[in-house]
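Participant: Using only what follows, build the 3D model:
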Amino acid sequence: MDARGAGVPSFLHWGADLGALTTSQRESFALSQLPPISPSSIDSPRLLSILPVESEGWSGTPGISGFRGGQPTELSFELVGAEVPDAASATFMLRDVSSELIVELKYGLSPQGVLAMTAVVTNTGSVPWTLARLGISVPIPTRAREVLDLTGRWAFERQPQRRDLAHGTWSRQTRHGRNGHDSPELFAAGTPGFAFRAGEVWVLHLAWSGDHDMLAESHATGQSILGAAELLKPGEIQLAHGEHYSTPTVLGAWSDSGLDGISERFHSWARAARARPLAARPVILNTWEAVYFDHDFSRLAELARRAAVVGVERFVLDDGWMTGRVDDSRALGDWTVDPVRWPRGLHPLVDHVHSLGMDFGLWVEPEMVSLDSELARTHPEWILASAQSWRNQYALDLGNPEAFANILGQLCALLDEYDIAYLKWDQNRDLLGGSTHRQTVASWQLMAALRSRYPGLEIESCSSGGGRVDLGVLEHTDRVWASDTNDPLERQVIHRYTSIVLPPEVIGGHVGERIAHTTGRSTDLSFRLATAFFWSAGIEWDLTSTTDDDLASATLWIAAYQRHRGLLHSGTVVRVDAADPALQTHGVVAPDRSEALFAAVCLTAPRDAASTGLVFPGLDIDADYRLDVLDLGAPVRHFHGSPQWLRDGGVTLPGRILGGTGIAWPSLQPQQALVMRLERL
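Facilitator: Numbers count the residues shown, from 1 in each chain. All right, here's what the predicted structure looks like:
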């Protein structure tokens, strides 16, 4: 970065390590980056500043904008202070005398190569100032000509979309009061054709659980940027004298080895940044798709018994336990146990679960309220205004201190009475009213308050599936529910792209019923087991109605997961860019490359009758490996002849061959997967 003089600092370079430069070389490098004067342009060309505004000659999206007295504020900043405690962090203080604003921009480059960026604006004037936008902008080079972001809908989250970065702005704004199922999650700009294992790529992620404003811009001036900000509603942030607003953290990463290089940086950063280390991820059984609202003790007790038999470690009672909660139209906000269905409270079930050696977890939705509830009847003023209900519910104004205290008190009463290890924290609607910023901050504060009071408590971020998935919410939770669909075919894509930013151990993946409840698609048990294996694994399946063979398969699958989860949740995630989109490969390689687990997946009918080139990247190319098929309890049925290595029960080859030339693909049919283990000899 160049912070010489009184002007706003600029990025000189974000990418490959330039090595140790002398003072003279740094000066020469800075001068060499200045562009020429282009026709009909400003007379003194300069690099794009870290807070671009119109007064610099920037015609793109401004880094900061706002109003005072109903009139837009003309902004022109100067550098008034800088702190550079080391080579990996810097803070710059900017001031605009005429607007009486101070902006502080903070940058920190982690050892893993993740760039954390925030901005804070303070109003030093006597007249209130209304903030319209404050974002983080980073330049990208002209060779970054292709953009990737994600979209989706309920039960089909994290779907990739690509486009060329032509002149203009590609903007993704989400207005859900949460990330939303169509959340971009990331903005990636890279060299044309960049992929998981190839190409140079720059990525931004907004660690925020509210509305997003993310963009990629390219101008005829030759300047291109990636930008990220919280999307603010008009008038949402008004700063009186001395008040300030801080942006959510924007996280950036660069890679010259494709998106897998980005994942390696983000995953290692997220693991190191956790306030408390994650224990080994327990196998969960969630009751939702097994019983829905039918909370009969005998049935749940038998479900728990069978769960314990197959090796489940955490039993989670989902929606339906509250007073009067027989369907989704009532009782949200009344976090008390139904005295009719549970005359002795939850104690019999909790005690039964604990006697079987499992933790007990409970579903809650603290940010929402039903009109048919005691809370709504007693405090209608706590309900956020909205034109209509959404999934038969409204949002509760947690920004109201009294409402916040009420919900915190109800949750604490539950946690004090019952030994609850885990809360599945749901949020099943868009806000569509009130201050998104205030609600998001309040929801994080509520989670933080509970974790502070109950240090052993784990929380899962669920939002009608994957509607609230980001690295910001993971500062207050231990897991995210990636999607409400347990259809393994859809989950293959959802997992592949959710895990670009989020490490696999925090992404919940469950084995569902043979016929998926969301799509009606029927899949073999072997495919369901292989798909859920690599993540924070669980079961959402009525084990009381399964066959003995299926229970035996689940037992072997859980045992394999428990045996290998140390590798699955600490290794380097790798994905193969297959020539045939129907055939996908992904895996996890141990940090020391001593072992690896890979899945070969057939999504749809392959292009060719037989395929070669099944490769295993990330291995030690100078070592030999033994490759064996991992038994997950439900063997893949091969309808045609298997390749020789599979008939032989495995193969031993150098990592150079396994990661380069590869071996023949197994004869997989659509919606089949084979999991393999590689061990260095």
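Participant: Find the least confident helix or strand in this protein, judged by mean pLDDT.
Facilitator: Ranking every helix and strand in the chain by mean pLDDT, DSSP states H and E puts strand 71-72 at the bottom, with a mean of 90.
Participant: Give me the sheet partners of that one and which way each runs.
Facilitator: Looking at strand 71-72 with DSSP bridges, its partner strands are strand 64-68 (antiparallel).
Participant: Can you give the distance from the strand it pairs with to the centre of its chain?
Facilitator: The chain centroid and the centroid of strand 64-68 are separated by 31 Å under Cα atoms, centre = their mean, to the nearest Å.
Participant: The residue nearest to residue 4 when sequence neighbours are not counted sits in which helix or strand?
Facilitator: In this structure, residue 4 finds its nearest non-sequential neighbour in residue 30, 7.4 Å apart by Cβ to Cβ, 6 or more residues apart in numbering. Where you see a C-beta, it was placed from the backbone N, CA and C, and this is true even at glycine. Element membership of residue 30, judged by DSSP states H and E, is helix 23-32.
Participant: Kindly export that helix (C-alpha atoms) in CSV.
Facilitator: The C-alpha trace of helix 23-32 is given here as CSV (Å, rounded to 0.1, in the frame of the first residue of the first chain):
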residue,chain,number,x,y,z
THR,A,23,13.2,1.5,0.3
SER,A,24,14.4,2.6,-3.1
GLN,A,25,12.7,-0.3,-4.8
ARG,A,26,9.4,0.4,-3.0
GLU,A,27,9.6,4.0,-4.2
SER,A,28,10.3,2.9,-7.8
PHE,A,29,7.6,0.3,-7.6
ALA,A,30,5.0,2.9,-6.5
LEU,A,31,6.0,5.3,-9.3
SER,A,32,5.9,2.5,-11.9
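Participant: got the buried residues for that helix?
Facilitator: residue 30 (16 or more other Cβ atoms under 10 Å).
Participant: Give the other helices and strands that that helix contacts.
Facilitator: Helices and strands touching helix 23-32, as assessed by 3 or more Cβ pairs under 8 Å, 6 or more residues apart in numbering; DSSP states H and E, are absent.
Participant: Over it, what's the mean pLDDT, rounded is fine.
Facilitator: Helix 23-32 carries an average pLDDT of 94.
Participant: Would you mind listing the outside residues contacting it?
Facilitator: 2, 4, 12, 13, 18, 21 (Cβ atoms under 8 Å, 6 or more residues apart in numbering).
Participant: again, only this time at 6 Å
Facilitator: In this structure, residues lying in contact with helix 23-32 by Cβ atoms under 6 Å, 6 or more residues apart in numbering are 2, 12.
Participant: and the least confident helix or strand of the chain, how far out from the chain's middle?
Facilitator: Worked out by Cα atoms, centre = their mean, strand 71-72 lies 37 Å from the chain centre.
Participant: following it, which helix or strand comes up?
Facilitator: Taking DSSP H and E, what comes next after strand 71-72 is strand 78-86.
Participant: following that following strand, which helix or strand shows up next?
Facilitator: Downstream of strand 78-86 (by DSSP H and E), the next one is strand 89-96.
Participant: Run through the neighbouring helices and strands of that following strand.
Facilitator: Strand 89-96 sits against strand 78-86, strand 101-109, with contacts defined as 3 or more Cβ pairs under 6 Å, 6 or more residues apart in numbering; DSSP states H and E.
Participant: quick one on the thing from earlier: so the residue nearest to residue 4 versus residue 310, what's the distance?
Facilitator: Using Cβ to Cβ, to the nearest Å, we find residue 30 at a distance of 63 Å from residue 310.
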